[in-house]
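1. got a predicted structure here, sequence first:
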Amino acid sequence: MKLEDFGYNKEIEKLRVDTNLKDFEVGRIIVQHKEKYIVKTERGDFDAEITGNLRYSANGPEDFPAVGDWVALVIYDAYISIIHKIIPRVSVISRQAIGKHGDIQVIAANVDFAFIVQAIDRDFSINRIERYLTICNSSEIKPIIILNKIDLIADIELQQLVTTVQKRIKHIPLVCLSNTSKKGLKKLEAYLFKGKTYCFLGSSGVGKSSLINNLIGNNVMATREINERIHRGKHTTTHRELLVTEKGIFIDNPGMREIGITSSTDGITDSYNEIFSLAKQCKFSNCKHIDEIGCAVLKALNSDKLNLSSYQNYLKMEKEKEHFELTVSEKRKKDKKFGKMIKNIKKRNKY
Ligand SMILES: Nc1nc2c(ncn2[C@@H]2O[C@H](COP(=O)(O)OP(=O)(O)OP(=O)(O)O)[C@@H](O)[C@H]2O)c(=O)[nH]1
Ligand SMILES: [Mg+2]
Ligand SMILES: [Zn+2]
């Protein structure tokens, strides 16, 4: 297999050359488990570990290789290969790690399209769609919303859901789908291109793995058994995995319980274009749109030009983001101090 078959392109080649990684072999992370990796290369798939240097210079989990990453490695033999560096990421899907404030968890790197999957039966939530849109904030990633399991509701109900989504989320493709009846599958296939990378996002049980199986026409991914009761609360897919197929490169994910916000204001801008364009007309440039005089956002809200739940969701996410950004910078400072301390101790103890 050629590197291009699993997603390599000129942009990544340029990044590799620019970062002086030409002397290494190139591979792509297809599985990650703690600090063990499987890397796909032109010579085959290899188990890999990272260098101590990579580990100690990491500021946080986001500096470790993630599924989808292109890495510079040395292959010693069939059993040992060592990852030296991550080739800079063209795009990344990340979120705030659960429980540990400030840690960024990379879900997948170098992704071209994100399929945001929701099941219409009990999983459906516009707020959650907006949150997923936010974590795919890079302009390099094109999101596509999928409403799955449409075989479970009547057409008229579905039409109502679609209208609700499209009213609030504009300019993002929406595909209604059933893995059971295969309705909508053709429409979705129109987005697939060989050599492009697709990341499947959504809660557990919405049908991400079933969809991948359907797209490749093969039961490669394990899916939940029919008797869901036994499995309640259990994730069927237990780890992230990148799958190279003729149709495209698919990254399957375990279902996500909660998604936090990472990264800059860019992401929020994507799903909240409306609020951001209104904000330009606010009297004060630092307006927080809560109780300020001359606030164009509040004005639109009061005259029903702006959706109340969009506004509330926006405030909630802004609050999380503020907290998150603070903790990241605090953490960085602390890590730097700690790193310096360790360095000094090592220096002192040299003999
Ligand atoms: N009725 C119906 N059931 C579906 C559809 N798609 C998937 N399912 C069922 O939903 C259950 C969960 O599907 P999975 O593909 O395992 O879900 P997942 O999103 O991969 O779940 P995790 O791996 O836990 O994140 C399985 O029993 C599927 O058969 C659909 O379109 N309609
Ligand atoms: Mg799954
Ligand atoms: Zn305002």
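-> Looks like it arrived, so ask away. Numbering: from 1, shown residues only. Ligands and ions are numbered 1, 2, ... in the order given.
2. every contact and neighbour count from this point should use C-alpha atoms.
-> Fine.
3. low-confidence regions, this protein specifically.
-> 97-102, 138, 222, 224-236, 257-273, 320-351 (pLDDT under 70).
4. what's across from the residue nearest the centre of it in the sheet?
-> For the chain, Ile93 is the residue whose C-alpha lies nearest the centre (C-alpha atoms, centre = their mean; 2.8 Å). Beta-bridge pairing of Ile93, defined through DSSP bridges, involves Ala108.
5. ok, it - contacts?
-> Val106, Ile107, Ala108, Ala109, Val111, Ile135, Cys136, Asn137, Ser138 (C-alpha atoms under 8 Å, 6 or more residues apart in numbering).
6. how about the residue of the stretch 1-150 of the chain found nearest ligand 1, nearest residue that isn't a chain neighbour?
-> The nearest approach of the stretch 1-150 of the chain to ligand 1 comes at Lys149, 3.4 Å away (C-alpha to the nearest ligand atom). In this structure, Lys149 finds its nearest non-sequential neighbour in Ser178, 4.6 Å apart by C-alpha to C-alpha, 6 or more residues apart in numbering.
7. again with Ile126
-> Nearest non-adjacent residue to Ile126 (C-alpha to C-alpha, 6+ apart): Val165, at 6.7 Å.
8. my guess is that neighbour meets Ser125, correct?
-> No. With contact defined as C-alpha atoms under 8 Å, Val165 and Ser125 do not form a contacting pair (9.3 Å).
9. neighbour count winner among these two?
-> More neighbours surround Val165 than the other of Val165 and Ser125, with 17 against 14 (other C-alpha atoms under 10 Å).
10. how about the helix or strand containing the more buried one: buried residues?
-> Here Val165, judged by DSSP states H and E, is contained in helix 155-168. Using 16 or more other C-alpha atoms under 10 Å as the test for burial, helix 155-168 gives Leu158, Leu161, Val165, Arg168.
11. list the buried residues for the strand ranked longest in the chain?
-> Across the chain, the longest stretch assigned as strand under DSSP state E is strand 25-33. When burial is assessed from 16+ other C-alpha under 10 Å, strand 25-33 yields the following buried residues: Glu25, Val26, Gly27, Arg28, Ile29, Ile30, Val31, Gln32.
12. surely the third one and Arg43 touch.
-> Okay, so that is Gly27. No. Counting by C-alpha under 8 Å, Gly27 sits too far from Arg43 to count as a contact (9.3 Å).
13. on that earlier part again, nearest to ligand 3 among the contacts of Ile93?
-> Using C-alpha to the ion, Asn137 comes nearest to ligand 3 of the contacts of Ile93, at 22.7 Å.
14. from the buried residues of strand 25-33, which two are the most distant?
-> Farthest-apart pair in the buried residues of strand 25-33 is Glu25 and Gln32; separation 18.6 Å (C-alpha to C-alpha).
15. please parse the protein into its domains.
-> 3-86, 108-252, 272-337 (automatic domain parsing).
16. any idea which of the ones you listed gets closest to ligand 3?
-> domain 272-337 (3.6 Å).
17. strands along the chain, start to end?
-> According to DSSP E, the strands that the chain contains are 25-33, 36-41, 44-50, 70-75, 81-86, 92-96, 104-109, 113-119, 142-148, 174-176, 197-201, 241-244, 249-252.
18. can you redo those strands as a markdown table with distance to Lys299?
-> Formatted as a markdown table, those follow (distance: least, C-alpha to C-alpha, whole Å):
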| stretch | distance to Lys299 |
| --- | --- |
| strand 25-33 | 49 |
| strand 36-41 | 52 |
| strand 44-50 | 54 |
| strand 70-75 | 47 |
| strand 81-86 | 47 |
| strand 92-96 | 32 |
| strand 104-109 | 36 |
| strand 113-119 | 32 |
| strand 142-148 | 30 |
| strand 174-176 | 30 |
| strand 197-201 | 35 |
| strand 241-244 | 47 |
| strand 249-252 | 43 |
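19. out of those, nearest to ligand 2?
-> Of all these, strand 249-252 comes closest under C-alpha to the ion, at 6.7 Å.
20. counting neighbours, which of the contacts of Ile93 comes out on top?
-> Cys136 (30 neighbours).
21. hang on, isn't that one packed against Asp112?
-> No. Cys136 is beyond contact range of Asp112, at 10.1 Å (criterion: C-alpha under 8 Å).
22. anything in contact with each of the two?
-> Contact criterion C-alpha under 8 Å, 6+ apart; residues shared by Cys136 and Asp112: Lys142.
23. for the helix holding Val165, what is the distance to the chain centroid?
-> In terms of C-alpha atoms, centre = their mean, to the nearest Å, the centre of helix 155-168 is found 25 Å from the chain centre.
24. contacts for that helix next, please.
-> By C-alpha under 8 Å, 6+ apart, helix 155-168 touches Ile126, Ile150, Asn307, Ser310.
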